[in-house]
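>>> Turn this into a model:
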Amino acid sequence: MQFTFSAIALLGVIIVLRLRRPTQPRTRFDEKLGAVYCVVFGVLIAATPVGQAILHFVASLTQNIH
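Reported below is the predicted structural model:
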């Protein structure tokens, strides 16, 4: 049996776990790290079929707004 683990899934789990923490005063480093997690997640998901579908959906919404 062979297991494969997606970096996108791992990063998604990390983001969800970090967002579930109770809101408390956080350091600047902690806030920057959270932003980096989200940016990397966006870059990784953009290359997948799901990311492409989201891109096309948002593009179609923005084309209707003039």
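
>>> Show me the contact partners of whichever helix in the chain runs longest.
Scanning the chain for the helix with the most residues, using DSSP state H, yields helix 28-46. For helix 28-46, contacts defined as CB atoms under 8 Å, 6 or more residues apart in numbering pick out 7, 8, 11, 12, 14, 15, 18, 51, 52, 54, 55. Where C-beta positions appear, they are placed from N, C-alpha and C, glycine not excepted.

>>> Give me the phi and psi for the last one.
According to degrees, to the nearest 10, the main-chain angles of residue 55 amount to phi -60, psi -50.

>>> cool, residue 58 as well?
Dihedral angles (degrees, to the nearest 10) for residue 58: phi -70, psi -40.

>>> again with residue 47
Dihedral angles (degrees, to the nearest 10) for residue 47: phi -90, psi -10.

>>> give the contact list for it.
No contacts exist for residue 47 under CB under 8 Å, 6+ apart.

>>> what's the spacing between it and residue 55?
11 Å (CB to CB, to the nearest Å).

>>> and residue 9, which of the three is it?
Three-state assignment for residue 9 (DSSP: H, G, I helix; E, B strand; the rest coil): helix.

>>> Against residue 20, how distant is it?
Residue 9 is 17 Å from residue 20, by CB to CB.

>>> Compare these two (neighbour count), which wins?
residue 9 (11 against 7; other CB atoms under 10 Å).

>>> What pLDDT is listed against the more buried one?
Listed pLDDT for residue 9 reads 80.

>>> quick revisit: which members of the contacts of helix 28-46 are the farthest-apart pair?
18 and 52 (26.3 Å; CB to CB).
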